[in-house]
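*Asks:* Provide a 3D model corresponding to the input given below.
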Amino acid sequence: MLTFLRKIRKSLIESGSARKYLLYAIGEILLVMIGILLALQVNNWNEWRKDRINERILLMELSKSLETNCQDIEFSIEWLSTARRSMEVVKSILTNYQPYSDTLDVHFAQSMNTTSIDLDKSIFEKLNNQGLGIIESETLQNEITNLFGYKYPVVENLLQDYKVHAPYINQYLDRHFIKHSVSGWRYFTPMDYTFIQNDNFFHSIQSDNRMRAEGIEFVLKGLLEDSQKVLQLIKDELGE
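*Replies:* Numbering: from 1, shown residues only. The predicted model follows:
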């Protein structure tokens, strides 16, 4: 191709026609520009294709991460729900001065349940480091950022605050209950049931735990709904 163009250029120069040579020169410049533009277009397409492959890989990893998080959140909700049911049983029996029964031991244990979740944010951090702009859908970008960058940290801080009280509660329990477990079930047997029945501090612990459990359960249900929403958006984007 270059040899052919050189021959044309040489022929025009030898002919002495300035007009023809000028038109040829303009054509050659345009041809070079078109070639550059085509090369850039091919390069841009290749980069776009690489980004789409990388985006799909990251979204698939994020989808798996969210599925695990949703399972952990669901488990924590059920755990807290069980705790609240036992709290109600303990409250009813103690306030009505009902006699002790060893069936209460499991409720004493479950009423002291706390929960913590190790929410996986590693894929989001990886995605964030690479640049969220790799995700074509702006809606999906915003939803992912809102979930992992704002809502997850809020819940984690709330759960951390919940755990702060655990050592003080455990100190009390160690003084007044015998702890044991059978086949994975925990049991707290009161050393002095009458004392527990009349101890305002124990009633206060139960009341505080109940309010915290209700609040965290409510927040976790909202987080589960938000996580499932983002998970579905990702699956839609992946065409699953």
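*Asks:* wait, a helix at Val90?
*Replies:* Yes - according to DSSP: H, G, I helix; E, B strand; the rest coil, Val90 belongs to a helix.
*Asks:* need the helices for this protein, in chain order.
*Replies:* Ranges of helices in the chain, per DSSP state H, are 2-15, 18-95, 104-110, 122-130, 138-146, 152-164, 166-176, 193-198, 200-238.
*Asks:* which among those helices is found nearest to Ser116?
*Replies:* For these, proximity to Ser116 was assessed by Cβ to Cβ; helix 152-164 is nearest, at 5.5 Å. In this view, the C-beta of every residue, glycine as well, is placed from N, C-alpha and C.
*Asks:* could I get the buried residue list for the closest one?
*Replies:* Applying a neighbour-count criterion of 16 or more other Cβ atoms under 10 Å, one finds Tyr152, Val155, Leu159, Tyr162 buried in helix 152-164.
*Asks:* kindly report the same for stretch 71-78.
*Replies:* In stretch 71-78, counting by 16+ other Cβ under 10 Å, buried: Asp72, Ile73, Ser76, Ile77.
*Asks:* quick one: residues contacting the third one.
*Replies:* Applying Cβ atoms under 8 Å, 6 or more residues apart in numbering, we find Ser76 in contact with Thr115, Ser116, Ile117, Leu220.
*Asks:* out of the residues you listed, which is most surrounded?
*Replies:* Among the contacts of Ser76, the one with the most neighbours (other Cβ atoms under 10 Å) is Leu220, at 23 neighbours.
*Asks:* tell me where the model's unsure across the chain.
*Replies:* Along the chain, the parts satisfying pLDDT under 70 run over 1-32, 34-49, 51.
*Asks:* deepest in the core, which of the helices of the chain is it.
*Replies:* Mean neighbour count (mean count of other Cβ atoms under 10 Å) peaks for helix 104-110 among these, with a mean of 21.
*Asks:* what's the separation between Glu156 and Ile216?
*Replies:* 11 Å (Cβ to Cβ, to the nearest Å).
*Asks:* surely Met191 touches His176?
*Replies:* Yes - between Met191 and His176 there is a contact at 5.6 Å, judged by Cβ atoms under 8 Å.
*Asks:* and the closest residue to Ser181 other than its chain neighbours, how many neighbours?
*Replies:* Excluding the flanking residues, the one nearest Ser181 by Cβ to Cβ, 6 or more residues apart in numbering is Tyr187, at 6.6 Å. As a burial measure, Tyr187 scores 19 neighbours (other Cβ under 10 Å).
*Asks:* against Arg52, how distant is the most centrally placed residue in the chain?
*Replies:* Against the mean C-alpha coordinate of the chain, by Cα atoms, centre = their mean, the closest residue is Phe148 at 4.9 Å. In this view, Phe148 and Arg52 are 22 Å apart by Cβ to Cβ.
*Asks:* repeat for Glu143
*Replies:* For Glu143, the distance to Arg52 - Cβ to Cβ - is 19 Å.
*Asks:* before we move on, what about Lys235?
*Replies:* From Lys235 to Arg52 the distance is 17 Å (Cβ to Cβ).
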